[in-house]
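**Student:** Predicted model and sequence follow; I will ask about them next.
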Amino acid sequence: MIGWLSRKPRKDRADMTNTEPLRLMRQEQLDRLGSEQYDMLIVGGGITGVYAALDASLRGYRVAVIEKDDFASGTSSKSSKMVHGGLRYIEQGNLGLVRHSLHERQRLRRNARHLVQRLPFLFPILERDGVFDKRLAKAFESLLWTYDMAGGWREGILHQKLTAAEVLSHCPTFKEEGLLGGFLYFDARVDDARLTLAVARTAAFHGATVINHAKAIEVTRNAQGKVDGVIVQAGQQEIRARAGVVIMATGVWLRDWSGAKRGDASALQVRPAKGVHVAVPWLKVRNDCTVTIPVPGRSRRATITRWGNVSYLGTTDEDYEGDLDDVYCTRRELDFLLEGARSALKTDLQPEDVVGSIAGCRPLVGPPGGKTLEMKRNHEIRVGADGLVTIVGGKLTTSRHMAEQTIDAAQQVIGQRNPCQTKKAYLLGAAGYDPQAIVASGGMSAHLGERYGTEARFVSDLMQASPALQAPIVQGLPYTEAEVLYAVRHELAATVEDVLSRRMRARLMARDASALAAARVGQILQAELGLAPEHITQQVNDYLAAVKHEKSVLMGDKE
């Protein structure tokens, strides 16, 4: 098959320093979806799907990516926010995954430098009942040396051995009894939802069609039985999208999705593993790094990470067989995490202290049996006899490489072979961004810089043009009304939930305050998109109901 290469991608850095913000109009994207013949069409707007769209667009293909809800609304906004190699993968003997993950970590540190920041990890050493026995401290240090040599050194700093006093300087609420010292090593963290959004917008910048709130209901096939497109439901519209190859990047939802029909995607055994995190006020913990804590009676260790004015505590790792669209932190899981925190910290954390929570499912690949914690985080790609390409598994850190291999496989279906361009491809906002200068400036500049990078000036332009937009939108958080407007105009935010849960992380960091802001967000959406008042009222009510449901499950009113 020939003739699929349809256009040239834009240059990397020169075109990434754009002087005008990328304007994304939903109806224009939908019109394109129904009228264009695509080389590749991707189902699933999580980090894997959008990175595949960026990869394909940079190789010169016409590509579209569709998401049934919102970008990153599933697993890709519910992660531990860590970009890392994973020490426990060394413990599993999977050194290759660690080495590769650390290499990909540094690519993200360069290509998404405004979003991915260095994050210290602290492992305290205890006399007893610690994360590991004190007699294993030397063995653990050897593990850290292995980690450094596998690629940790690329961060520019090696692990450190700490005294008990130094451990307390990083987390003064840690219990002193039995504390012998600790180890500090370095990885990175990211706002996972904004990373996914940045990748999607960058793909659009390079010509991809990107659409949220558009559900694939059926994969179509031609007279020869080969996949040739997808039927898409977007609101009241039903669109027949045509493509040379279709890629399924739906993550854990592959478990339940039957739209592939004759394809062999079901041959991949998807095993959802539920993970939850809860956010508590930072003043209750006062940590300046990620602190690893033992959980009494459990092999799983927990972590506490600072993010702004909250510290979030997680995670669990258990099989999940329920509704994938109704995943919440339960009271049992909350008690498990708080018990671990209280056993390690001099702070009496109670359920009422929790200001937000997230729960999601990792798309593990493998048969039933054994602990999910012990399963490898590798990914699998399958190409069906009908040409349907399926990608599942993996983790946030390796999403770029997963996308590269996925597009390599998709190229085989359409008979093309063009090299990957994403290894050094900046995301929007990254080219020319200087993290040190932004941090030194402090205040709103730092807040905007870590969210938008060099595109922060477009948000500040809105505030300069209309000073009223400088008003805070969520009490206690630095977000402004200008950021809501920017989310609607330039980030394809279509609902109150889109804005408060993912364009901002208000739902996690200040759940109740975000509910109070819902009506004002709705007003901005209505004014900008021209939506009917009853439509906005329904959106606000839906958001309030979701917050209420989250709280009721968390507090044990419903399991």
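**Tutor:** Perfect, thanks for sending it. Residues are numbered from 1 along each chain as shown.

**Student:** pLDDT score assigned to the residue lying closest to residue 213 once chain neighbours are set aside?
**Tutor:** Counting by Cβ to Cβ, 6 or more residues apart in numbering, residue 213 lies nearest to residue 494, which is 5.7 Å off, once chain neighbours are set aside. (Each C-beta comes from the backbone N, C-alpha and C, glycine too.) Looking at residue 494, its pLDDT is 97.

**Student:** ok, residue 494 - how many residues close by?
**Tutor:** 19 (other Cβ atoms under 10 Å).

**Student:** Please apply the same query to the one 3 residues further on.
**Tutor:** Residues within reach of residue 497, counting by other Cβ under 10 Å, total 22.

**Student:** who's in contact with the closest residue to it other than its chain neighbours?
**Tutor:** Distance criterion Cβ to Cβ, 6+ apart; nearest residue to residue 497, sequence neighbours excluded, is residue 543 at 5.4 Å. Contacts for residue 543 were tallied using Cβ atoms under 8 Å, 6 or more residues apart in numbering; they are 495-497, 500, 515, 518.

**Student:** Widest-spaced pair of those?
**Tutor:** Within these, two members stand farthest from each other by Cβ to Cβ: 495 and 515, at 14.5 Å.

**Student:** Start from the N-terminal end of the stretch 401-550 of the chain and give the helices.
**Tutor:** Secondary structure of the stretch 401-550 of the chain, counting by DSSP state H, counting those that start in this stretch: helices at 435-441, 443-452, 456-465, 481-490, 496-497, 506-509, 511-529, 533-554.

**Student:** now for those, which one comes closest to residue 115?
**Tutor:** With Cβ to Cβ as the criterion, residue 115 lies closest to helix 443-452 of these, at 7.3 Å.

**Student:** quick one: low-confidence parts of the stretch 1-150 of the chain?
**Tutor:** Residue ranges of the stretch 1-150 of the chain with pLDDT under 70: 1-18, 86-96, 129-137, 139, 147, 150.

**Student:** would you list every one of the helices in it?
**Tutor:** For the stretch 1-150 of the chain, helices defined by DSSP H, counting those that start in this stretch occupy the ranges 13-16, 26-35, 47-58, 87-91, 95-111, 137-150.

**Student:** Tell me which of those sits most buried.
**Tutor:** Highest mean neighbour count of the helices of the stretch 1-150 of the chain: helix 47-58, a mean of 31 (counted as mean count of other Cβ atoms under 10 Å).

**Student:** Give the other helices and strands that that helix contacts.
**Tutor:** strand 37-43, strand 63-66, helix 192-205, helix 399-414 (3 or more Cβ pairs under 8 Å, 6 or more residues apart in numbering; DSSP states H and E).

**Student:** Check those for me and report the most buried one.
**Tutor:** Each of those was scored by mean neighbour count; the highest is strand 63-66, a mean of 30, by mean count of other Cβ under 10 Å.

**Student:** what residue of the chain is the furthest out?
**Tutor:** Residue farthest from the centre of the chain, counting by Cα atoms, centre = their mean, is residue 223 at 38.8 Å.

**Student:** ok, back up a step: could you pull up the contacting residues of the residue nearest to residue 213?
**Tutor:** Contacts for residue 494 (Cβ under 8 Å, 6+ apart) come out as 26, 70, 212-213, 488, 525, 529.

**Student:** Residue 78 too?
**Tutor:** Neighbouring residues of residue 78 by Cβ under 8 Å, 6+ apart: 192, 275, 277, 327, 358-361.
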